[in-house]
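# Have a look; sequence and predicted model below, questions after that.
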Amino acid sequence: MQIEVFLNEEKVQADIRPDMMLLDFLRSMNLKSMKRGCDTGNCGLCTVWVDGKPVLSCGVPAARVQGAHITTLEGVQEEAAEFSRFLAAEGADQCGFCSPGLIMNVLALKKENPHPTEEEMKEYLAGNLCRCTGYQGQYRALAKYFEIEEAQ
Amino acid sequence: MYTVKNYVIADSLEQAYDLKQKGRNNIIIGGNLWLKMGHRAIQNAIDLSRLGLDQIEEDAEGFRIGCMVTLRQLEVHEGLKTAFGNVFQEAVRHIVGVQFRNLASVGGSIFPRFGFSDVLTAFLACDSYVELYQGGTIPLREFAEMPLDNDILTHIYVKKDGRRVCYQSYRLTETDFPVLTCAVARKENGFETVLGARPKRAVCISDVELHTPEDAGEREIYAEQTAGKAEFGSNMRGSAAYRKELAKVLIVRALTELTEDETCR
């Protein structure tokens, strides 16, 4: 079946299988930042934005996003690079496999709530899992990232 | 993962209903997060997302919530917070993460009547009704006991009747399925308690009296009696005996909030 969507603001038409998930569609379009980490909707590695809202692309039927605006990490490189510097400075990355999903959700949090409390931040990011770390590096990076936003 | 032969974005509820009657391999796609975990061969995947069912409408009597409203919409809706306090926010905020709750739908949470459903527990603690395409409007408490059928749940209506509801749940780890869910409602003329994830479907216990909820001892007695009226079972998350003990604790916590803490409102 045919769909027409906006991928990082570029209008795209494509032929998809009726049971294709958005994750597989995006990867077929050479957008490879999002990963299938668990396929149970729990890990957050496949996070993209559909019409500005963060969703798990492994659970969205591609046919459902007809006409929608899809944003992936490839479409927010400047903002992603800015937050990545905080991650790197705190040594938060180990394998880095979960980082694209985390970054997409951090940027979504920033749009929705630019000045979250620590509790709000942790709750918003509860659906982003990292199997390498104990999250402490990420928390330090996040605290500094949002504090800097407040200072600005 | 399932397979789909035809993905149908329904133009009308009539079309969706007619397709659904063609057999058990014709499935309504809600939030898709539970369905995708299965391995069904679906003939027609029926998508209701273009029928305007993703709105929460408030009138003088209550809220009409479309079946495609997401759990995140429930969580952040200011009108629901004003009318019912944080019961819906509390009920859904432990469900995986924001990205998950931006997909999971109210209809997909209520129609299957899953035992583990936080959402079903929360709505059962309120004066809630389901609107079915063919079956009309029926109380949620009646619907919760009915077997699954081929109808389509289009809306949930929650009446603003002035009750206060406190929601509690217990999980082995944050974002996991609950071991037990509990919602206690304080009505004008008494208390009602809903216990879910027993692990069977949530049930409402409304025939236990509590005359002086300010008395901690009375609260303990109410919790003991209420937990004694529910049937509990065992699964990988906990035994029946454990759940019964948890129920008492969660009921007391909810009662304490309802009587001592105005923020649960």
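Arrived safely, thanks for sending.

# Next, give phi and psi for B:Tyr255.
Not Tyr; residue B:255 is Leu. Dihedral angles of B:Leu255 (phi, psi; degrees, to the nearest 10) stand at phi -60, psi -40.

# neighbours of A:Arg36, just the number please.
14 (other C-beta atoms under 10 Å in any protein chain shown). (C-beta placed from N, C-alpha, C; glycine too.)

# My guess is it contacts A:Leu23. True?
Yes - contact criterion C-beta atoms under 8 Å: A:Arg36 and A:Leu23 qualify, at 5.9 Å.

# Quickly list what's touching both of these two.
A:Cys46, A:Cys58 (C-beta atoms under 8 Å, 6 or more residues apart in numbering or on different chains).

# Pick out the residue in chain A sitting closest to chain B.
Nearest residue of chain A to chain B: A:Gly127, at 1.4 Å (C-beta to the nearest C-beta).

# residues contacting that residue?
Contacts of A:Gly127 (C-beta under 8 Å, 6+ apart): A:Asn42, A:Cys43, A:Gly44, A:Leu56, A:Asn105, B:Val96, B:Gly97, B:Val98, B:Gln99, B:Phe100, B:Thr175.

# Would you double-check that the second one falls in a helix?
No - secondary structure of A:Cys43 (DSSP: H, G, I helix; E, B strand; the rest coil): coil, not part of a helix.

# How many neighbouring residues does the residue of the stretch 1-150 of chain B found nearest chain A have?
Across the stretch 1-150 of chain B, the shortest distance to chain A (C-beta to the nearest C-beta) belongs to B:Gly97, at 1.4 Å. As a burial measure, B:Gly97 scores 26 neighbours (other C-beta under 10 Å).

# Isn't it up against A:Leu125?
Yes - B:Gly97 is within contact range of A:Leu125, at 7.3 Å (criterion: C-beta under 8 Å).

# which neighbours do those two share?
In contact with both B:Gly97 and A:Leu125: A:Asn105, using C-beta under 8 Å, 6+ apart.

# Give the helix, strand or coil label for the closest residue to the residue of the stretch 1-150 of chain B closest to chain A other than its chain neighbours.
Residue nearest to B:Gly97 in three dimensions, not counting chain neighbours: A:Gly127, with 1.4 Å by C-beta to C-beta, 6 or more residues apart in numbering or on different chains. Assigned by three-state DSSP, the conformation of A:Gly127 is coil.

# one step back: nearest to A:Gln2 among the contacts of A:Gly127?
A:Leu56 (24.1 Å; C-beta to C-beta).

# how many neighbours does the closest one have?
For A:Leu56, the neighbour count with other C-beta under 10 Å is 35.

# and if you look at the one 3 residues further on?
The number of residues packed near A:Gly59 is 24, by other C-beta under 10 Å.

# and what of B:Arg40?
Neighbours of B:Arg40 (other C-beta under 10 Å): 15.

# measure the nearest residue in space to it that is not next to it in sequence to A:Pro61 for me?
Leaving aside its chain neighbours, B:Arg40 sits nearest to B:Tyr2 (4.6 Å; criterion: C-beta to C-beta, 6+ apart). Going from B:Tyr2 to A:Pro61 by C-beta to C-beta, to the nearest Å gives 10 Å.

# any residues in contact with both of the two?
Jointly contacting B:Tyr2 and A:Pro61 under the rule C-beta under 8 Å, 6+ apart are A:Asp19.

# buried set for stretch B:69-88?
Buried residues in stretch B:69-88, counted by 16 or more other C-beta atoms under 10 Å in any protein chain shown: B:69-75, B:77, B:80, B:83-88.

# ok so, going back, got the contact list for the residue of the stretch 1-150 of chain B closest to chain A?
Applying C-beta under 8 Å, 6+ apart, the residues near B:Gly97 are A:Gly44, A:Asn105, A:Tyr124, A:Leu125, A:Ala126, A:Gly127, A:Asn128, B:Thr175.

# ok, which pair from those is furthest apart?
Most distant of the contacts of B:Gly97, by C-beta to C-beta, are A:Asn105 and B:Thr175, 13.6 Å apart.

# quick one: which of these two has more around it?
A:Asn105 (22 against 16).

# Where does the more buried one sit, in terms of helix or strand?
helix A:99-112 (DSSP states H and E).

# pLDDT (mean, whole number) over that helix?
Across helix A:99-112, the average pLDDT comes to 97.

# and if you look at stretch B:100-114?
In the prediction, stretch B:100-114 has an average pLDDT of 96.

# Same question for stretch B:120-135.
Mean predicted confidence for stretch B:120-135 is 97.

# List the residues that contact the residue nearest the centre of chain A.
With distances taken as C-alpha atoms, centre = their mean, A:Met104 lies nearest the centre of chain A, 2.7 Å away. Listed by C-beta under 8 Å, 6+ apart, the contact partners of A:Met104 are A:Met34, A:Thr47, A:Val48, A:Trp49, A:Pro54, A:Thr71, A:Thr72, A:Leu73, A:Val76.

# filter those by proximity to chain B?
Restricting those to those adjacent to chain B (criterion: C-beta under 8 Å from any C-beta of the partner chain) gives A:Thr47, A:Pro54.
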